[in-house]
Structures are given as structure tokens and as C-alpha cells.
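Q: Predicted model, plus sequence, below.
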Amino acid sequence: MFSQILSLINGKIYVSFKPLKTANGITLFGDKILYVGSADHADILAKLQNGKVVDLDGKVAMPGFIDSHLHLDSLGIGLNTIDMRNTTSIKDLQDRLKKFAATHPEAKWIRGRGWDQESFEEGRWPNKSDLDEVVSDKPVLLIRTCGHAAVVNSKTLELLKGLSKPLEPPEYDRDNSGELTGIVREDGVKTVRNMIIYTSEEYIKFLKDASDHAFSNGVTTVAIAGCISEVFKALHLMLANNELRLRVRAFLSKELLPYAKVLGIARNFGHPNLKISGVKVLADGSLGARTALLSEPYSDDPSTSGVPTISEEELHRIVKESSENELQVAAHGIGDKSIDQILNAYEAFKEYIPKLRHRIEHTSVIRPDQIKRMAKLGVGTAVQPHFIPSDWWAVKRVGVKRAPWVYPFKTLLDAGIRMGFSTDCPVEPLNPWLTVYAAVTRGEYEGIELSKYTANEKLDVATALHLYTQGSAQILHEEKELGTLEEGKFADLIIIDKDPLQVEPRELKDVKVLGTIVGGIPVYVSDELHLLA
């Protein structure tokens, strides 16, 4: 049994990054921070109460990372299915599919995620025939890295044809002869996903695996974007059984809004480890799938400007009903035209924004006039810096003229917009140090074309870490309890092997998490930090 009082001494403890505050001792009592200051005082406090003292021996401690937008269930599913990230060709994709099918003969469905056709040697999208060559006797769903497009095999298409809705573009691609290609987009992806039924026990396993993965990466709080009822039920069962150690903030899928209204559930309802924050709504798609809604056509495909995934009337209704029920709205907006539509809806009910802090998720392609409008309305944003290296083709998509509008983090901050960092995991890796590295370097060392046009948008390390801790807490309304290591706040912190403010930018992605504490309890301890166990 771990002692109720724990003091960490003789380390460099970052209390906060904006303003920059440090200490060399910290005392945790129960799930809160009792004292921050000198190592000597922290040592005495623990010993007076027969607590435990851990000598950090010069190691660095800091607030736990808060990922303000991800998909915890999809991460857990991904950890138990095919990892398609860094796939270099359709042949590579087929090999991974073949290996998984051979080693999981019991699987009723075969599922994977992470491929990007832009990285394929063949220079084309995969199709149903590519999958049929490997697996033809059971349904296959391989989701693109963005989550807004996927490829399925003929067996899956047979199941889809049994549904009442016709399989037509843009959700279901057809070739010049009218034949289904196996590529599905947006609602088509959702339809296929909904055909795969998991039990509560399976969801609990996925969520536990995802939580452990989060702890090993130093993430102590997450916000689930688009939490469905099955996932919330599994999380609640985990909480009831004292198995939910990760702090989870749920933005419910829009389909659950009527139930929240009936029950009178408002923002911040729940437990310190499981709260309902608001409602997630999807307004467009992704740049990678060319479904993000732009005000002008794509530079590399002038035949399309993207796809709206919700009508403006429906968007206004959701913002109105969520606001009236005191639920924060997190609206997915990647393309600038989609951002216009979201801002129109927010402005129609702007009296609620100061209290509820409505957000735009991603703000990937955003014009200067929209930034001014966001600032005036007080709308915040959850951004994903690792999109920069992942979307290495972004300039090709939007062209040089619009390149300065892509992921303009510093401009958003300078305008006074409230911002938090996230990964959209499993779209991007959960590792926060990869995100910090991307925010600071913007692909400079990898030769990412966007870095040439947006070098002015680089952030310093302290700002990046602030946005991943206190900044994320602010857009979640949690800054009074999370985000810094101040007395009275939750004892959520991590111990790392390097001082991120002292290393070269290239070294940021290699910072290693040695230990993670949530609510005063160690939830991850590496071999290098065995004294904490």
C-alpha cells in the first residue's frame, strides 16, 4: 500500500510554464498537492507524517500532459488491431493484413488504421481488390490515418448492400464504370464502424489498454471527442469498480444530446475521473481525404472543395440546444468554409460563449479575418501540432497562397485565442514529446514544405508545454484543479529524464517519461525510477 503522503525532493520541478515557476520539493497528500517549495521543507512534511520521500536526484518533474482532443476507445481498439501507420505501399498494407489474419483466425472482423495513400509507392488509393487478394472470406475495414476515409473488401460491401441506404458518392466511391471501389468516406466510414459490435467487456479492455498507454507517455487527463454511449457505459463501469485511473472528460456524440437534455446533465457533471464536458459535432472532413470544406477548390483537385458533414440548420440547432443546457460545444472544423459556418452558429448564440467557452477543433486552414472573429467572440481551439509533419503534403492540397493559413498557432495565440494541445489520437501518436517537437520546429529538420511558408508560427518550448498543460486545462474549464503543480490542485505530475527547456530542439522528441502520478498515486513507473514504486 502506497503511503498517503509522498514528497519528491532534490529535483527540478516545473510548477508552471506561463509564468515560469520552479521548485525543488513537492509534497502530495491524498489526491492533492499539499506543498510546493524547498526540498528541505517537503522532506520534513513527509517524515512528520510517516510518509514516503523520493529523492529525484536532479531529475525533472512537471504537470501531467492534458490531451484536449482524442479518441480513447479508438486508441484502445488500435492497440488490439492492425497498425497501418508508416505503411509505404499497397504491398506493405497487404502484408500486414495477411499477417494479422493468419494470427487471428478467431476474428469475425479484421480492422486496422493508419495508412496514408500519399506515402504509397504505387501513387494511388488502395481498393477492394487489393484487400480481396489477401482476405475474402470475412469483412475487412482499414481506416485511413485521418479517420475520415477507409478501404473495405468485397465481403464488407456485401454487408453494406444489405442496408437500406444506397451506396452512392461521396460516401462510397465508384469508378468510371459505376463499380464500387471499396473506398468509403465520412458517413460511410461511420456506417461500417457501426456494424462492428463490441461488448462492454471488450470496450473495458480497450479503454484499460489505452489508459496504460497514456500513462506511459505522461498523459494524465484526456478529452474524448465524440464519446458514444457504449464507451461512456464502459468508462462508468470502470469508475464504479475503481478501475478508471485516467482522468476522462467526455464530449458526447451529438446523438446523445437529447438524453443529456432529458436528464438535465450540464458541463462538469460527474466525478474527478469521469466528467461530461459537452457535445462534439462534426462539421467537415479531413485535408488528407479532401473532405475538409474549403471556401475555394483544392489546389491538387479543383473538382472539389470538400464535403459538409452537417447542414447549417442542424449545426445551429445543436449549438442552441447545447448552450441552453450548459454544455460546451466542440465543433470539428478543418477547412476555412467549415470554420465560417461554425462561427456563424456560435455568433448566433454568442451570449453563452463567455460561460461555456465553445471551441473549434483543429482550425487547420483558417484565414486572418476568421482569427479576428474567433478572438472577438471568445471562441477557443484544440489544435494538433503533429498534423504538420503528418500532413507533409498540405501545401500541395491548398497551394502556396493559402499555405500561411495552415496551422497558424502563434498567430492564434497572439490574437488572444484560448488554445490547448492534443493529438487526435489515434490519428497522431499519443506521445506528447512528438507534438511539442512539431510545434517548436514545424517540420524544419524534416524538410516539410509548409515550414518554408510558416516559420513565423513556431512556438518556444515553454509556450508549447504551457499549452499542453495549463492551456488544455483552460479550454476544458479545469484550470482551477489541473494544469499546474500549485498547492490545492490535483496531484497529477510526471517525472522525465531531461530538462525540456535546456535541450536542443532536435532532442525534444526523445525526452523519456520515467514516472507518472495521478491523484497522488503512481500509475506508471519505469525501471529507472524504481524508488517510486
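A: Yep, it's here.
Q: how much space is there between residue 425 and residue 67?
A: The spacing between residue 425 and residue 67, counted by CB to CB, to the nearest Å, is 7 Å. For every residue, glycine as well, the C-beta is placed using N, CA and C.
Q: tell me the average confidence for stretch 67-82?
A: In this model, stretch 67-82 carries a mean pLDDT of 96.
Q: Could you give me the buried positions within it?
A: 67-78, 81-82 (16 or more other CB atoms under 10 Å).
Q: quick check, nearest of the residues you listed to residue 432?
A: Proximity of these to residue 432 (CB to CB) peaks at residue 67, which lies at 7.4 Å.
Q: The closest one should be in a helix, yeah?
A: No. Judged by DSSP: H, G, I helix; E, B strand; the rest coil, residue 67 forms no part of a helix; its state is strand.
Q: Could you list which residues are in contact with the nearest residue to residue 233 once chain neighbours are set aside?
A: Sequence neighbours aside, residue 200 is the residue nearest to residue 233 in space, at 6.2 Å (criterion: CB to CB, 6 or more residues apart in numbering). When contacts are counted by CB atoms under 8 Å, 6 or more residues apart in numbering, residue 200 touches 230, 233, 234, 237.
Q: The second one: neighbouring residues, count only.
A: For residue 233, the tally of surrounding residues (other CB atoms under 10 Å) stands at 13.
Q: Helix, strand, or coil at it?
A: Under three-state DSSP, residue 233 comes out as helix.
Q: per-residue confidence for residue 3?
A: For residue 3, pLDDT reads 53.
Q: Quickly note the distance from residue 50 to residue 56.
A: Taking CB to CB, one finds residue 50 at 21 Å from residue 56.
Q: Those two: who's more crowded?
A: Set side by side, residue 50 and residue 56 show more neighbours around residue 56, with 23 against 9, by other CB under 10 Å.
Q: The helix or strand containing residue 315 packs against which elements?
A: Taking DSSP states H and E as the definition, one finds residue 315 inside helix 312-324. Identification of packing neighbours for helix 312-324 by 3 or more CB pairs under 8 Å, 6 or more residues apart in numbering; DSSP states H and E yields helix 257-263, strand 274-282, strand 328-333, helix 336-348.
Q: What lies in contact with it?
A: 254, 257, 261, 278-279, 281, 283, 310, 328-329, 331, 341-342, 344-346, 348-349, 352, 356, 358.
Q: The buried residues of stretch 67-82 in strands, which ones?
A: 67, 68, 69, 70, 82 (DSSP state E).
Q: What count of nearby residues applies to residue 110?
A: Using other CB under 10 Å, the number of residues around residue 110 comes to 22.
Q: out of the ones in strands among the buried residues of stretch 67-82, which one sits closest to residue 126?
A: For these, the nearest to residue 126 is residue 82 (13.0 Å; CB to CB).
Q: Okay, and the beta partners of the closest one?
A: Partner residues in beta bridges with residue 82, using DSSP bridges, are residue 112.
Q: I figured it was touching residue 97, is that so?
A: Yes. Look at residue 82 against residue 97 with CB atoms under 8 Å: they come within range, at 6.5 Å.
Q: what's around residue 510, how many residues?
A: Using other CB under 10 Å, residue 510 is surrounded by 12 other residues.
Q: Same question for residue 508.
A: 22.
Q: Not counting residues beside it along the chain, what's closest to it?
A: In space, residue 508 is closest to residue 437, 4.2 Å off (CB to CB, 6+ apart).
Q: again, but for residue 514
A: Residue 514 sits nearest to residue 529 (CB to CB, 6+ apart), 4.3 Å away.
Q: can you check residue 74 too?
A: Residue 74's closest residue in space is residue 426 (CB to CB, 6+ apart), at 5.3 Å.
Q: how close does the one you found get to residue 129?
A: Separation of residue 426 from residue 129 (CB to CB): 26 Å.
Q: And those two? Which one has more around it.
A: residue 426 (25 against 11).
Q: so which strand or helix has that one?
A: Per DSSP H and E, there is no helix or strand for residue 426.
Q: That one contacts residue 72, doesn't it?
A: No. Applying CB under 8 Å, one finds residue 426 not in contact with residue 72, separated by 9.5 Å.
Q: Relative to residue 145, how far out is residue 71?
A: Where residue 145 is concerned, residue 71 sits at a distance of 13 Å (CB to CB).
Q: nope, residue 244 is what I was after
A: When distance is defined by CB to CB, residue 244 is 28 Å away from residue 145.
Q: contacting residues around residue 191?
A: 160, 163, 165, 171, 184.
Q: biggest helix in the protein, by residue count?
A: When the chain is parsed with DSSP state H, its longest helix is helix 200-216.
Q: list the helices and strands the helix or strand that that helix is followed by packs on?
A: Using DSSP H and E, the helix or strand that follows helix 200-216 in sequence is strand 219-227. If you count contacts as 3+ CB pairs under 8 Å, 6+ apart, strand 219-227 packs onto strand 65-70, helix 72-79, strand 247-253, strand 274-282, strand 328-333, helix 472-475, strand 513-518.
Q: For the stretch 151-300 of the chain, give me the ranges with low pLDDT.
A: 164 (pLDDT under 70).
Q: Ignoring the adjacent residues along the chain, who's closest to residue 101?
A: residue 135 (5.1 Å).
Q: The one you found looks like it's in a helix, true?
A: No. Counting by three-state DSSP, residue 135 is not found in a helix; it is coil.
Q: That one and residue 152 touch, don't they?
A: No. With contacts counted by CB under 8 Å, residue 135 stays clear of residue 152, the gap being 10.8 Å.
Q: more neighbours, those two?
A: residue 152 (26 against 20).
Q: how much space between that one and residue 111?
A: Applying CB to CB to residue 152 and residue 111 gives a distance of 10 Å.
Q: joint contacts of these two?
A: In contact with both residue 152 and residue 111: 140, 141, 142, using CB under 8 Å, 6+ apart.
Q: ok, the first one - how many residues close by?
A: Close neighbours of residue 140, defined as other CB under 10 Å, add up to 28.
Q: Also residue 430?
A: Neighbours around residue 430, by other CB under 10 Å: 25.
Q: mind checking which of the helices and strands packed on helix 312-324 is nearest residue 195?
A: Distance to residue 195, taken as CB to CB, is lowest for strand 274-282 among the helices and strands packed on helix 312-324, at 19.2 Å.
Q: which helices and strands does that closest one pack with?
A: Helices and strands touching strand 274-282, as assessed by 3+ CB pairs under 8 Å, 6+ apart, comprise strand 219-227, helix 229-240, strand 247-253, helix 257-263, strand 269-271, helix 312-324, strand 328-333.
Q: per-domain residue ranges of the protein.
A: Following automatic domain parsing, one gets these domains for the chain: 5-63+485-532, 85-144+149-185, 200-475.
Q: Any idea how far the last one is from the middle of the chain?
A: Which is domain 200-475. 7 Å (CA atoms, centre = their mean, to the nearest Å).
Q: Equivalent analysis for the second one, please.
A: Relative to the chain's own centre, domain 85-144+149-185 is displaced by 24 Å; criterion: CA atoms, centre = their mean.
Q: Go ahead and name everything in contact with stretch 78-91.
A: With CB under 8 Å, 6+ apart, stretch 78-91 has contacts from 93, 96-97, 100, 110-116, 119-122, 124, 126, 130, 142-143, 145, 205-206, 209-210, 213, 426, 429.
Q: Mind giving me the ChimeraX command for buried ones among those?
A: To isolate the buried members of the contacts of stretch 78-91 in ChimeraX, using 16+ other CB under 10 Å:
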select :93,96,97,100,110,111,112,113,114,115,116,120,126,130,142,143,145,205,206,209,210,213,426,429
